[in-house]
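[1] Need the 3D shape of this:
(one chain, ligands or ions: 2)
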Amino acid sequence: MSVTAANLGFPRIGPRRELKTAVEAYWAGKADEAQLLDTARRLRAATWDRQKAAGIAVIPSNDFSLYDQVLDTSVMVGAIPDIYRGLGAPDSLAVYFAMARGTRTADDDAGCAHGHGKGGDVPAQEMTKWFDTNYHYMVPEVSPDQGFALATAKPVDHFREARALGHHTRPVILGPVTWLLLAKSKAEGFDPLSLLPRLLPVYADLLGRLRDAGADWVQIDEPALVLDLSDAARAAYVSAYGELAKVDGIKLMLATYFGALGDNLKTALSLPVAGLHVDLVRAPEQLDAVLAGARKDLLLSLGLIDGRNIWKADLTALLDRYEPIMKSRSAFQIAPSCSLLHTPIDLALETKLDPQVKDWLAFAAQKLEELSLLGLGLSNGRYVISDELLANADSIQGRRNSPLTNDRKVRDRAARITGDWARRKAPFADRIKAQQARLNLPLLPTTTIGSFPQTAEVRKARSAHDKGELDTAGYERFLREETARAIAWQEEIGIDVLVHGEFERNDMVQYFGEQLAGFAFSRAGWVQSYGSRCVRPPIIYGDVSRPKPMTVAWWHYAQSVTARPMKGMLTGPVTILNWSFVRDDQSREETCRQIALAIRDEVLDLEAAGARIIQIDEAALREGLPLRRADWQHYLDWAVESFRISAAGVADETQIHTHMCYSEFNEIIDSIGAMDADVISIETSRSKMELLDAFVDYAYPNEIGPGVYDIHSPRIPTTREMEALLIKAGERLSARQLWVNPDCGLKTRKWEDVKPALVAMVDAAKAARAALA
Ligand SMILES: Nc1nc2c(c(=O)[nH]1)N[C@@H](CNc1ccc(C(=O)N[C@@H](CCC(=O)N[C@@H](CCC(=O)N[C@@H](CCC(=O)O)C(=O)O)C(=O)O)C(=O)O)cc1)CN2
Ligand SMILES: [Zn+2]
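    Ligands and ions are numbered 1, 2, ... in the order given. Next up is the predicted model:
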């Protein structure tokens, strides 16, 4: 029996976000291609060395990407839409970054929230969330007459590069079926999956070249195997892997992750591949079925270490569970549940974390050490790692028994929640009358979603304050000036309901995490969100409460400089939960309710301070939807309940807004309705208001702000087109229901784009008022 420690992928941004710095410098014209590629090469080398030093036997290559691994795959197979082809050779950075960001002269900004480019010439490809993560990939675009050809050989190049450095790696590629299932076509009714027969020869070609370069195994990622699949998709798996099995001399490790294979298990086990990786963190229950159904010669890779969270693994518990099965097969691999892409790199860089909490954590580097220990213990007996096991057990015990994780008061309060905590006092029809009487807003009131540009100046000031180079008084003076200027400008152009601009916030989730009890936050714990943009998800380790008001002082200042209504601006409980690393010792549902109570307290304090309108953003509510439909309703029920708990304490005349910046509401419209926000703002401009249909069909009774300004594009929308969108919305819904706003916050845009766009938006509202009155 042999047990081998394998890794599926390592974060690529570098421990100090070296890749972000290098890529953004390249975009800004401050570094040339050679400098960028050199940084990238050094990062790869350091990552391979690190894995070898940690005792990992199977080290991945081609997990590195300058922007996104799905985009890499699209370029590799030659799925480069015509509009990008004129910009350079298929394997050039010009084409690659044009697909990622669109084109226009580079500048020092990294693009907008969705990676969409800086300019007019060519738009970026569409971007969307990778399964249920906060990582975003570039959506492959194919056409019915799509041809494929191996346009780059990056997996081969990186394999060779590693070998030259003394590492025999296992290249990782994204599998053809998942790639096609993620792809979209502009041709109506065309199913990208039908392109499979044309795509497979390219994959076969690639596998042959990898073999010729000396690779023996290739990891082929097919995470779509954990989704609800059609029979056609399952059949595609059978034909795809039947075909790829014909490539001699190369073995495939088919990697599945983010959930159970479930009803696709039979299909997965029938494929003629040499290895199968299964996620036993998200879906430990599938172990027995996998063991029972796997061919004797199938190498199983057990995903035992959590690739989606930052908790130290309980090594003793893992040994207890997996030792007994080790003899059932001649060999096993053990691995993280999925690529470590979704975890921060190195806990050792955290010098300011509470040492007690730090002792409970493992970032990517530490996870590799756990894996390697586990490998030793499983192959040679646990006595060979007895010291490490003792230390690990101490940490696990320490966390389990720590008073830091338990707050009696919070638990008692959460246990006392009754139905009416989640119910507004009066129904919407009555509330809206009281709100209108108080707010006295025009038809089609104008507003924005919250943030204004986070300029380099704002980030610099915050960084100087963090480092102690700018004192708190100076920092706050600076923020007050920024805020006052943004407010005066909104008044000047005639916005009806104002925002303060969120200049004091580093990130809409981290900002709250830093102020809530039960949360820890890292200094260097960056995780890639898209392209060069990263987040530092807060760490929820204990019961959550709000020691003191978080936003009231800033709101109060903002309202003090204007007579118009200033929105209180909060991130909702579900979004805070979904964009944090969440404790794994109680249900997410329970943790969410605690956050909901903390936000409820903040809502009530804002109301008491005089806020007439409070917005509670739930941008991540949709992304938290489980991957399998059977699990949707339970999630939606508790997520909506949490939102309602956070919102429902206020008086009838206090208006609650929410915001969601994603599309595809159709399938969850009942739950959106059940949130019972007085006003919801959503992203609709790019779909030309088509996304409103869900609200129309549902006869959504509350108020809606369908976004008329696509903030993901650098284009400045015209008054006329925004007016047309409003008229269109007015044809579908009552004009009395409608608000006028952009699709999302403006933090990633520049003032020079924002200003003319919002002036035009206000003009459009005026014109539409006249037309719809
Ligand atoms: N958590 C989260 N998830 C989200 C979103 C979001 O807003 N938040 N939006 C959607 C899209 N995703 C996004 C993810 C990141 C960013 C983003 O802008 N990230 C910034 C970092 C934001 C941040 O934390 N900023 C900090 C730290 C900034 C920083 O890098 N400071 C430098 C110094 C800065 C200087 O001197 O100029 C340093 O610490 O070294 C701050 O402003 O305080 C980046 O990568 O550049 C935008 C959208 C979906 N998921
Ligand atoms: Zn948004």
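[2] C-alpha only now, for contacts and for neighbours.
    Noted.
[3] So which residues of the stretch 151-300 of the chain form strands?
    Taking DSSP state E, counting those that start in this stretch as the criterion, the stretch 151-300 of the chain contains strands spanning 170-174, 184-185, 217-221, 251-255, 275-279, 299-305.
[4] Rounded mean pLDDT for the first one, please.
    What that stands for is strand 170-174. Strand 170-174 carries an average pLDDT of 98.
[5] send the alpha carbons of that strand over as CSV?
    Presented in CSV, the C-alpha positions along strand 170-174 are these (Å, rounded to 0.1, in the frame of the first residue of the first chain):
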residue,chain,number,x,y,z
ARG,A,170,1.8,16.9,-13.0
PRO,A,171,0.3,19.5,-15.4
VAL,A,172,-3.3,20.7,-14.7
ILE,A,173,-5.7,21.4,-17.5
LEU,A,174,-9.3,22.3,-17.5
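[6] hmm, who's touching that strand?
    Identification of contacts with strand 170-174 by CA atoms under 8 Å, 6 or more residues apart in numbering yields 8-9, 58-63, 69-70, 73, 155, 159, 215-222.
[7] try 6 Å this time
    Taking CA atoms under 6 Å, 6 or more residues apart in numbering as the criterion, the residues outside strand 170-174 that touch it are 59-62, 217-221.
[8] What is the nearest of the residues you listed to ligand 1?
    Minimum distance to ligand 1 across the contacts of strand 170-174 is 22.8 Å, recorded for Asn62 (CA to the nearest ligand atom).
[9] Run through who's touching the helix or strand encompassing Ile704.
    Using DSSP states H and E, Ile704 sits in strand 703-706. With CA under 6 Å, 6+ apart as the test, strand 703-706 has contacts from 678-682, 684, 737-740.
[10] Tabulate these in a markdown table, adding columns for distance to Pro701, pLDDT and secondary structure.
    As requested, the contacts of strand 703-706 are arranged in a markdown table below (distance: CA to CA, whole Å; pLDDT from 0 to 100; DSSP: H, G, I helix; E, B strand; the rest coil):
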| residue | distance to Pro701 | pLDDT | secondary structure |
| --- | --- | --- | --- |
| Asp678 | 9 | 98 | coil |
| Val679 | 10 | 98 | strand |
| Ile680 | 11 | 98 | strand |
| Ser681 | 14 | 97 | strand |
| Ile682 | 15 | 95 | strand |
| Thr684 | 18 | 88 | coil |
| Gln737 | 8 | 97 | helix |
| Leu738 | 11 | 98 | strand |
| Trp739 | 14 | 98 | coil |
| Val740 | 17 | 98 | strand |
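[11] Among these, the buried ones, what's the PyMOL command?
    The PyMOL command for the buried members of these (criterion: 16 or more other CA atoms under 10 Å) is given here:
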select buried, resi 678+679+680+681+682+684+737+738+739+740
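[12] Pick out the most distant pair among the contacts of strand 703-706.
    When CA to CA is used, the two most widely separated members of the contacts of strand 703-706 are Asp678 and Thr684, lying 18.5 Å apart.
[13] Contact distance from ligand 2 - what residues of the chain qualify?
    The chain has residues 661, 744 near ligand 2, with proximity defined as CA under 5 Å from the ion.
[14] What count of nearby residues applies to the residue of the chain found nearest ligand 1?
    Ranked by CA to the nearest ligand atom, the top residue of the chain for proximity to ligand 1 is Arg533, at 3.3 Å. Neighbourhood size, Arg533 [other CA atoms under 10 Å]: 21.
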